[in-house]
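Colleague: My questions are about this predicted structure, shown below with the sequence.
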Amino acid sequence: NATQAWWKESVVYQIYPASFLSTGSGNAPGWGDIKGITSKLDYLKHLGVDVVWSSPIFKSPQVDMGYDISDYKDIDPRFGSLDDVDELIRELKKRDMRLMVDLVVNHTSDQHAWFLDSRSSKDSAKRDWYIWQPPKYDDQGKRQPPNNWGMILGDANSAWTWDEKTQEYYLALFTPEQPDLNWRNPELREAVHDVLRFWLERGASGFRMDVINMISKVKGYPDAPIGTPGAPFQPGEKHFANGPHLHEYLREINDKVLSKFDTITVGEMPFVRDEEEIMKVVGADRKELNMIFIFDIVDIDNAPGGFRLTLHDWTPADVRSIITKYQRLMLDRDGWNSIFIENHDNPRSVSRYADDSDQYRALSSKLLCLMQTTLGGTLYVYQGEELGMRNLRPEVPMEEYIDIESVNYWEKTKKQHSGDQEKLNFGKKVLQTKARDHARTPVQWSAKPNAGFCDEGTKPWMIVNSDYKTVNAEVQRTYKSEDDLSVLQFWKRGLASRKEHKDVFVYGDFTLLEDSSENLFAYKRTGDDGAAFVTVLNFSGKDVEWNVSKEANVSKWVTGNYQKGAPSLDTTGQIKLRPWEGILGECE
Ligand code: TEU
């Protein structure tokens with residue numbers, strides 16, 4: 001019986017600003033801009049969005065697409081200006097919507113004034129704002145980094161970068177251009193609090209906190225366990241994810257800043273699996289964060305102990321058990337969670353968890369919509385997900401994969417395996433399956449050139465998916481019939497129904513109804529006043545039979561992604577679900 005709150009009921013829509021819509025108001029042709037976001041607020045409002053989270057728009061050399069910030073209080077001219085943000089906030093407020101800012105404070109850009117100062121000399125007043133360590137020497141007397149932690153973004157090189165001038169290494173977990181901040185330093189923490197205040201006072205309503213569980217590293221920087229035998233550098237999360245002072249730092253943020261405003265907060269928390277650790281952050285009584293992004297579902301295809309760009313077999317039953325685990329955990333222990341299966345760091349969900357063939361793309365996108373809109377928690381929709389946008393097509397050459405992680409990975413693969421066609425093909429397959437690029441192609445607004453993302457004569461910063469003539473917002477806005485709703489219209493209905501029955505879908509109890517079938521996921525959601533719904537999802541391209549149990553107690557099937565037919569199914573006994581069919585039933 002969680003207490004109600006606006007941030008629990010909100011639908012959050014994530015915008016990747018470079019790829020959302022280019023109006024030409026920024027200074028970089030072919031880049032999306034802030035005015036582009038503002039111009040689409042009516043579209044988002046009609047969809048059912050309450051909060052807009054934009055990935056970073058701050059000054060940045062854009063080594064990692066804005067996740068390398070060089071000034072937290074100014075806007076990158078590629079996206080526009082502070083005035084444009086003020087206008088965005090005003091226009092959001094007019095529509096009773098809010099802005100969530102992407103707060104990237106585990107690290108800065110190496111061009112941030114703080115880092116330039118820190119690296120200028122060992123005596124710099126900001127030396128201790130970053131993580132500096134003397135080198136180690138091996139048996140041959142060769143200089144080595146302080147430990148074996150590997151860099152996260154793609155090339156599995158050292159996470160430490162040598163600084164010639166001051167003869168020490170600095171820690172940079174993502175790329176050398178993203179040095180990690182030293183949160184042990186109280187002045188640095190103050191400076192971060194100041195950044196939060198700056199944006200809240202300007203009218204933002206909260207934060208998505210980038211890799212916030214990495215801000216506390218284990219003292220002494222011990223070596224990571226060997227996950228990939230033979231590799232010189234290893235994933236070091238054991239010593240930097242959910243480190244010793246994380247909760248202290250989060251509570252300090254709450255105490256000094258957040259508690260003075262009415263905010264929504266979500267922490268990005270890769271690697272964490274431990275339930276106690278999770279509850280310490282999102283437990284209702286903890287005063288840390290409202291909720292976090294748990295990575296189990298988006299990491300489902302990672303090799304155990306490996307980096308993200310690896311492959312691993314999984315089944316729909318794994319998705320079912322992960323979802324069930326967290327639905328129960330939050331209800332049983334009074335915590336709160338986020339629901340998401342897409343973001344800018346992952347492939348498109350329809351390509352990954354369902355079937356993106358022309359035959360099933362729309363249908364199975366709707367299946368994923370039905371699932372997400374009927375699960376408990378705060379719902380996050382990623383731009384283009386509401387259109388059923390899919391991964392880059394397989395014929396797209398590797399040169400079009402331009403994300404830093406993909407580029408580093410592909411360079412490393414070519415170097416290590418030149419001449420070994422099998423290994424090279426595997427590398428390609430990894431990127432075709434999992435590259436972050438898939439989520440970063442321009443949003444497909446229409447069938448016009450460049451999918452309506454930017455002017456016809458301008459080259460978009462990144463390749464447009466070749467399917468834009470059939471997959472775009474304009475065609476999906478046209479209503480054909482009840483039996484032929486587009487993915488966009490289906491999302492709109494799903495979000496509206498989630499709001500109408502929020503006691504059930506947002507706050508209600510969760511009961512798993514099917515846990516033995518290979519491809520079926522069926523659950524019941526029950527509100528405090530007894531209202532209840534049952535969702536049945538067929539995660540396969542085959543017909544599947546299901547026995548509607550007494551416990552389900554369905555009085556009628558109200559809708560489904562095939563539209564036609566669902567309401568005529570039996571409410572007891574054996575029913576048959578068609579390929580990728582999802583249905584929703586109302587209970588007695
Ligand atoms: O991502 C953090 C993160 O650990 C992953 O999602 C990461 O992209 C993946 O593991 C790579 O293999 C956040 C941002 O969302 C991402 O875009 C940034 O690159 C990263 O932090 C650094 O700021």
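Modeller: Received, thanks.
Colleague: The residue in the stretch 401-550 of the chain that the ligand sits nearest to sits in which helix or strand?
Modeller: Closest residue of the stretch 401-550 of the chain to the ligand, C-beta to the nearest ligand atom: residue 405 (5.5 Å). Quick note: C-beta positions are derived from backbone N, CA and C, even for glycine. Element membership of residue 405, judged by DSSP states H and E, is helix 404-416.
Colleague: which helices and strands does the very next helix or strand once past that helix pack with?
Modeller: Reading on from helix 404-416 to the C-terminus, the next helix or strand found by DSSP H and E is helix 421-434. For helix 421-434, the packing partners by 3 or more C-beta pairs under 8 Å, 6 or more residues apart in numbering; DSSP states H and E come out as helix 404-416.
Colleague: so where is this structure shaky, pLDDT-wise?
Modeller: 1, 155 (pLDDT under 70).
Colleague: and with 80 instead?
Modeller: 1-2, 154-156, 227-228, 305-307, 564-567 (pLDDT under 80).
Colleague: Near the ligand, which residues of the chain? Just list them.
Modeller: Residues of the chain lying close to the ligand (C-beta under 6 Å from any ligand atom) are 64, 67, 104, 152-153, 174, 210-211, 268, 270, 308, 344-345, 405.
Colleague: Narrow the residues you listed to those in strands?
Modeller: residue 268 (DSSP state E).
Colleague: per-domain residue ranges of the chain.
Modeller: As recorded under automatic domain parsing, the domains making up the chain are 6-108+184-477, 113-171, 509-587.
Colleague: Mean neighbour count and distance to residue 499 added to the ones you listed, as CSV?
Modeller: Shown next, in CSV, are the domains of the chain (neighbours: other C-beta atoms under 10 Å; distance: least, C-beta to C-beta, whole Å):
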stretch, mean neighbour count, distance to residue 499
domain 6-108+184-477, 19, 7
domain 113-171, 17, 37
domain 509-587, 18, 13
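Colleague: nearest to residue 178, of the ones you listed?
Modeller: With respect to residue 178, and counting by C-beta to C-beta, the nearest of those is domain 6-108+184-477 at 4.4 Å.
Colleague: Identify the residues contacting the residue nearest in space to the middle of the chain.
Modeller: Closest residue to the average C-alpha location of the chain: residue 343 at 3.4 Å, with C-alpha atoms, centre = their mean. Contact analysis of residue 343 by C-beta atoms under 8 Å, 6 or more residues apart in numbering lists 14, 293, 298, 380, 382, 439.
Colleague: Contact partners for the nearest residue to residue 197 once chain neighbours are set aside?
Modeller: Closest residue in space to residue 197, ignoring its immediate chain neighbours: residue 257 at 5.8 Å, by C-beta to C-beta, 6 or more residues apart in numbering. Contact analysis of residue 257 by C-beta under 8 Å, 6+ apart lists 193, 196-197, 200.
Colleague: Then residue 124?
Modeller: Per C-beta under 8 Å, 6+ apart, neighbours of residue 124: 117-118.
Colleague: How much space separates it from the ligand?
Modeller: Per C-beta to the nearest ligand atom, to the nearest Å, residue 124 is found 24 Å from the ligand.
Colleague: secondary structure class for that residue?
Modeller: Residue 124 carries the three-state label coil when classified by DSSP: H, G, I helix; E, B strand; the rest coil.
Colleague: if we look at the top helix by length along the chain, which residues are touching it?
Modeller: Counting residues, the longest helix in the chain under DSSP state H turns out to be helix 316-333. Here helix 316-333 makes contact (C-beta under 8 Å, 6+ apart) with 2, 275, 278-279, 282-283, 294, 296-297, 300, 335-337, 353, 375-377, 509-510, 512, 515, 518-521, 523, 539-540.
Colleague: cool, and stretch 161-175?
Modeller: Under the contact criterion C-beta under 8 Å, 6+ apart, stretch 161-175 has outside partners 63-64, 67-68, 106-107, 110, 119-122, 130-135, 143, 145-146, 149, 151-153, 159-160, 176, 178-180, 214, 217, 221, 236, 240, 404, 408.
Colleague: Distance from the chain centre to that stretch, please.
Modeller: 29 Å (C-alpha atoms, centre = their mean, to the nearest Å).
Colleague: Please apply the same query to stretch 217-235.
Modeller: Between the mean C-alpha location of stretch 217-235 and the chain-wide mean there is a distance of 26 Å, by C-alpha atoms, centre = their mean.
Colleague: same deal with stretch 568-586?
Modeller: For stretch 568-586, the distance to the chain centre is 31 Å (C-alpha atoms, centre = their mean).
Colleague: Excluding residues flanking it in the chain, which one is nearest residue 226?
Modeller: Spatial nearest neighbour of residue 226, excluding adjacent residues (C-beta to C-beta, 6+ apart): residue 234 at 5.8 Å.
Colleague: Since that was my last question, I'll sign off now.
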